[in-house]
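Peer 1: how does the following fold in three dimensions:
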Amino acid sequence: MSTSFLLETYAKRLRLPAIKRVYKEIAHDAAERQIPYEEFLLALLEQEVQQRDANQIASRIKHAKFPYMKTLDQFEFSAIPSLNKPKLLQLARCEYIEKAENIMFIGNSGTGKTHLSIALGKEACHHGYSVQFWTAAKICNELMEAQSQKRILQLERQWLKTDLIILDEVGFVPLSRTGAELLFQFCAARYEKGSMIITSNLEFTEWTQIFKDEQMTSALVDRLTHRAHIFAMNGDSYRFKQSIQRS
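Peer 2: As a prediction, this is how the structure comes out:
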């Protein structure tokens, strides 16, 4: 059997696809430049580690179920001059997740709240954290279904293991009384245990429209904002401006 055949066979058995793919090229380069064996081996292992890291990031991004992909580089900060760009870039380092802190984007529709939440979520995936993206309406439906099947505690335990939950469009769609109560329980359960990014088109004083009960609303806002980074996203519609530019 040839050396190449054996190398590829062993790489496959040991589940080293990157090494199997690049070893010939790296071996040729090492021979030409008389690279020591240790450096050749290091170069091979680096390729394998980099490929595995990339695969894990891709897996976390897929599991997050973002509705679409957005990055901080794509966001036009000039559209909202009052937005604290240095603070957002600092948060992209994801230290807030280690501290179980929240991020809240509050303001008009179309100003880029979802864009920024996805961009920060993607950064979290790159930093090794598990992320899940939900709209408020969808997570309420999931919670009500779980309650009817008597698996609500199981579902909450599962979500508490997620490092970062993105809760989009809070207040955008009216919730039923049961849905609002379950959403309150879910958010309260993550208090000081796991980070959340929340977007809403309603000011906090208007959240009674969502949760129906003034006392419950006050208790939830108090928990969510206790250790939170809050950004006011008020201005002209970001999407509308882009539509005008395309036109």
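
Peer 1: so who does Thr225 touch?
Peer 2: 102, 104, 204 (C-beta atoms under 8 Å, 6 or more residues apart in numbering). Backbone N, C-alpha and C define where each C-beta goes, glycine included.

Peer 1: pLDDT wise, what is it at?
Peer 2: Note on Thr225: pLDDT of 92.

Peer 1: also His63?
Peer 2: 95.

Peer 1: any idea how far Thr162 is from it?
Peer 2: 9 Å (C-beta to C-beta, to the nearest Å).

Peer 1: same deal with Ala58?
Peer 2: In terms of C-beta to C-beta, Ala58 sits 18 Å off from Thr162.

Peer 1: more neighbours: which of the two?
Peer 2: Counted by other C-beta atoms under 10 Å, Ala58 and Thr162 do not tie: Thr162 has more neighbours, with 18 against 11.

Peer 1: helix, strand or coil for that one?
Peer 2: coil (DSSP: H, G, I helix; E, B strand; the rest coil).

Peer 1: surely it touches Gly194?
Peer 2: Yes. With contact defined as C-beta atoms under 8 Å, Thr162 reaches Gly194; the gap is 6.7 Å.

Peer 1: ok, which stretches of this protein are strands?
Peer 2: 102-107, 131-135, 164-170, 195-200, 228-233 (DSSP state E).

Peer 1: contacts for the first one next, please.
Peer 2: Defining contact as C-beta under 8 Å, 6+ apart, one finds that strand 102-107 is touched by 91, 96, 113, 116-117, 120, 195-204, 224-225, 227-235.

Peer 1: just the buried residues of the residues you listed.
Peer 2: 91, 96, 113, 116-117, 120, 195-201, 204, 224, 228-229, 231-233, 235 (16 or more other C-beta atoms under 10 Å).

Peer 1: contacts only, for the residue nearest the centre of the chain.
Peer 2: In the chain, the residue lying closest to the centroid (C-alpha atoms, centre = their mean) is Gly121, at 2.2 Å. Listed by C-beta under 8 Å, 6+ apart, the contact partners of Gly121 are 64, 66, 131, 133, 164, 166, 197.

Peer 1: rerun at 10 Å
Peer 2: Taking C-beta atoms under 10 Å, 6 or more residues apart in numbering, we find Gly121 in contact with 60-61, 64, 66, 70, 129, 131-133, 164-166, 197.
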